[in-house]
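# Predicted coordinates and the sequence they were generated for:
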There are 2 protein chains.
Amino acid sequence: MPRPETPTVTSAIKQLILDRHLRPGDPMPTENELVDLLGVSRSSVREAVRTLVALDILEVRHGHGTFVGGVSLRPLVEALVFRGVMSPGDDYRTVREVVEMRTSLDLAMAETVVERLAGRDAPELRELTRTMVAAAARGESFAEADCAFHVGLAALQDNQLFGQMVGALWEIHSTITPKLGLPTTRDIEDTAKAHVTLLERAVAGDLDGYRAAVVGHYAPLMRVLDKANPAVPAEEAIA
Amino acid sequence: MPRPETPTVTSAIKQLILDRHLRPGDPMPTENELVDLLGVSRSSVREAVRTLVALDILEVRHGHGTFVGGVSLRPLVEALVFRGVMSPGDDYRTVREVVEMRTSLDLAMAETVVERLAGRDAPELRELTRTMVAAAARGESFAEADCAFHVGLAALQDNQLFGQMVGALWEIHSTITPKLGLPTTRDIEDTAKAHVTLLERAVAGDLDGYRAAVVGHYAPLMRVLDKANPAVPAEEAIA
C-alpha cells in the first residue's frame, strides 16, 4: 500500500511547478528527470504523480507525457458523487443539500446578474431557454442546456470561484437526480418555463422578481424529491 | 507514469465498497485480497489505492491497513489551495474571490444562525471569541479559533455541505493570506472584536444587525488587501 514518504514527493512536485511558474497545460519534466531532480525512487515519483493526477494537478496524456493539469473541481465532483452513490438512502439528503447550496449561490449572484442583464438581449441565454422549452414540449430532459444556462449566469460575476462551484454543484445534482425516479412531463415543462422566467426578470431589471424566480425554479425538483421521499418534511429543504 | 488500465481498477474498488455496503471507517480487504478479488496486478491495485486515497475515498492508516475514507471535500481544498498559490500574481484576486464566496455563504446561513442562537448562551462560541480577543491583545493572530468559530456557525445548518465548504474556504483563505503581508495590530484587534459583535447580534436575535456584522467582519481583511495591492479598486471586492 502507498508508502509514508509519498506526501513529501507530491509536495516537492507541487513546489517545482510553483518554482518554475508552470501553468495548466505546460509540460512537466519526464519521470527520469523527476527522479534526478527530487532524488527519490522511481516508484515514489510514480505514486506521487498518480496522486496529483487524481487531484487534477497533473495530467498524463498517453504517448505525449505528463502536463500540469487543469486544477479543476473535478475531484470534488467525483468524491461527492461517490458519497451520494455510497449511501443510497441519503440521496435525497445529498440532493437537498446541493439544491440549498445552489439556491444560496444563485441568490448571492442575483444582484450582479440583474445589473448585467437589465435591458440587454442576452442571445446565448435566450437560445438556451428555447432549447429547454422545445425539449420539454417533446417530453425530453435538457441537462446540457440547463447546465450551460446556470454556468452562463455565473460567468457574469467577476469571480471564477462562483462559476466553478456552480458547475460542480450542477454536475453532482444531475448525476444524482436520475436515480430519484422519472420527473413527470409537468415537472419538465415547469422547469423549462422557470428558466424563461429567470431570464425575463433579469432582463427586466426586476431584482425581487428574479430572486423569487430563483427559488421558484427549484419547486418542480422539490416536488420530485417530496414524492420520492415523502417522509422528509418539505420545509427542511427550504430552511 | 500511471498506466491506462488504472481507472478500471479504481472503479472496481469503488464498486466493491458499494456491493459490500461499506461505510466511512470500515476496513477494506488487504492488498493481497484485492489482487485476488479483482484479478489484477499488485501494482495496479497500489496505483488505484493511491488514487482513491487522494480522493479521500480510501484512507491508509500505517500499521493498521486500509479503510474506507471520509469522502470529504479535502480533495477540493487541496486542488483549490494549489490553484490559489500557483499564480502568485493572482493571490489578491484569489483571496478576494474566497472572501466573496465566504460572505455569500455567511449571509445565506444568517437566518438559521440567528434563529438557533437567539436567547441562547452559546458557551463554545463565546469561549472562541474570548480566545480571539485575548490573542489580539497580545498582538497575536488566532487562525485556529477563527476557523473553529466559523465552522461552529456552519454546524448550526441542517446541511453538511455548508460546513465543509466553509471549512474548505477558510483553509484556502488562511493559506494564502500570510503571503499578503502582516496585518497591523489594529486589523487583528478589529477582526477579534468583529467576532464578538457577530455572536452578540445572533444571540440578540437581530438578523439585520447580524447581516451587517457579517459584512463588517471582513472589513479589516479588505483593508489589508487594499494596502497590499492598491491598484485594485476596493469596489471590485464588494461587487
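Received the coordinates, thanks.
# Quick one: mean pLDDT over stretch A:70-77.
Here stretch A:70-77 scores 72 as its mean pLDDT.
# Please parse chain A into its domains.
Domain ranges of chain A: A:6-68, A:74-238, per automatic domain parsing.
# What is the burial count for residue A:124?
A total of 11 residues lie near residue A:124 under the criterion other C-beta atoms under 10 Å in any protein chain shown. Where C-beta positions appear, they are placed from N, C-alpha and C, glycine not excepted.
# can you check residue A:177 too?
Neighbours of residue A:177 (other C-beta under 10 Å): 20.
# tell me the angle of the longest helix along chain A relative to helix B:91-117?
Secondary structure of chain A per DSSP state H: the longest helix is helix A:91-117. Following axes from the mean of the first three to the mean of the last three C-alpha atoms, to 10 degrees, one obtains 120 degrees for the angle between helix A:91-117 and helix B:91-117.
# Which is the succeeding secondary structure element to helix A:91-117?
Stepping forward along the backbone from helix A:91-117, the first helix or strand reached (DSSP states H and E) is helix A:123-137.
# Which strands and helices lie in contact with the helix or strand that that next one is followed by?
Counting by DSSP H and E, the element after helix A:123-137 in chain order, helix or strand, is helix A:143-154. Judged by 3 or more C-beta pairs under 8 Å, 6 or more residues apart in numbering or on different chains; DSSP states H and E, helix A:143-154 is in contact with helix A:91-117, helix A:123-137, helix A:160-176, helix A:185-203.
# Please state the offset of the shortest one from the chain centre?
Right, helix A:123-137. 21 Å (C-alpha atoms, centre = their mean, to the nearest Å).
# Kindly calculate the angle that that helix makes with helix A:91-117.
140 degrees.
# what packs against helix A:123-137?
Counting by 3+ C-beta pairs under 8 Å, 6+ apart, helix A:123-137 packs on helix A:143-154, helix A:185-203.
# Could you check the pLDDT of the residue nearest the centre of chain A?
By C-alpha atoms, centre = their mean, the mean C-alpha position of chain A lies nearest to residue A:168, the distance being 1.3 Å. You'll see residue A:168 listed with a pLDDT of 77.
# Would you mind saying which of the helices and strands packed on helix A:143-154 lies nearest residue A:149?
Closest to residue A:149 of the helices and strands packed on helix A:143-154 is helix A:123-137 (C-beta to C-beta; 4.5 Å).
# Could you list the low-confidence segments of chain A?
A:1-7, A:73-74, A:76-77, A:80-81, A:84-91, A:179-182, A:228-239 (pLDDT under 70).
# Residue B:97 is nearest to which of the domains of chain A?
Judged by C-beta to C-beta, the one of the domains of chain A that comes nearest to residue B:97 is domain A:74-238, at 4.3 Å.
# so residue A:79 makes contact with residue B:55?
Yes - if you go by C-beta atoms under 8 Å, residue A:79 and residue B:55 touch, sitting 5.1 Å apart.
# Tell me which residues touch the nearest residue to residue A:163 once chain neighbours are set aside, please.
Excluding the flanking residues, the one nearest residue A:163 by C-beta to C-beta, 6 or more residues apart in numbering or on different chains is residue A:154, at 4.1 Å. Contacts of residue A:154 were listed using C-beta atoms under 8 Å, 6 or more residues apart in numbering or on different chains, and they are A:105, A:109, A:162, A:163, A:165, A:166, A:167.
# mind redoing it with 7 Å?
Residues near residue A:154 by C-beta atoms under 7 Å, 6 or more residues apart in numbering or on different chains: A:109, A:162, A:163, A:166.
# picking up where we left off before, could you list the buried residues of the longest helix of chain A?
For helix A:91-117, the neighbour count (16 or more other C-beta atoms under 10 Å in any protein chain shown) marks A:91-110, A:112-114, A:117 as buried.
# do the same with stretch A:213-231
A:213, A:214, A:217, A:218, A:220, A:221, A:222, A:223, A:224, A:225, A:229.
# would you turn these into JSON lines with secondary structure and distance to residue A:83?
Rendered in JSON lines, the data for the buried residues of stretch A:213-231 read as follows (DSSP: H, G, I helix; E, B strand; the rest coil; distance: C-beta to C-beta, whole Å):
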{"residue": "A:213", "secondary structure": "helix", "distance to residue A:83": "30"}
{"residue": "A:214", "secondary structure": "helix", "distance to residue A:83": "26"}
{"residue": "A:217", "secondary structure": "helix", "distance to residue A:83": "25"}
{"residue": "A:218", "secondary structure": "coil", "distance to residue A:83": "21"}
{"residue": "A:220", "secondary structure": "helix", "distance to residue A:83": "25"}
{"residue": "A:221", "secondary structure": "helix", "distance to residue A:83": "19"}
{"residue": "A:222", "secondary structure": "helix", "distance to residue A:83": "21"}
{"residue": "A:223", "secondary structure": "helix", "distance to residue A:83": "25"}
{"residue": "A:224", "secondary structure": "helix", "distance to residue A:83": "21"}
{"residue": "A:225", "secondary structure": "helix", "distance to residue A:83": "18"}
{"residue": "A:229", "secondary structure": "coil", "distance to residue A:83": "17"}
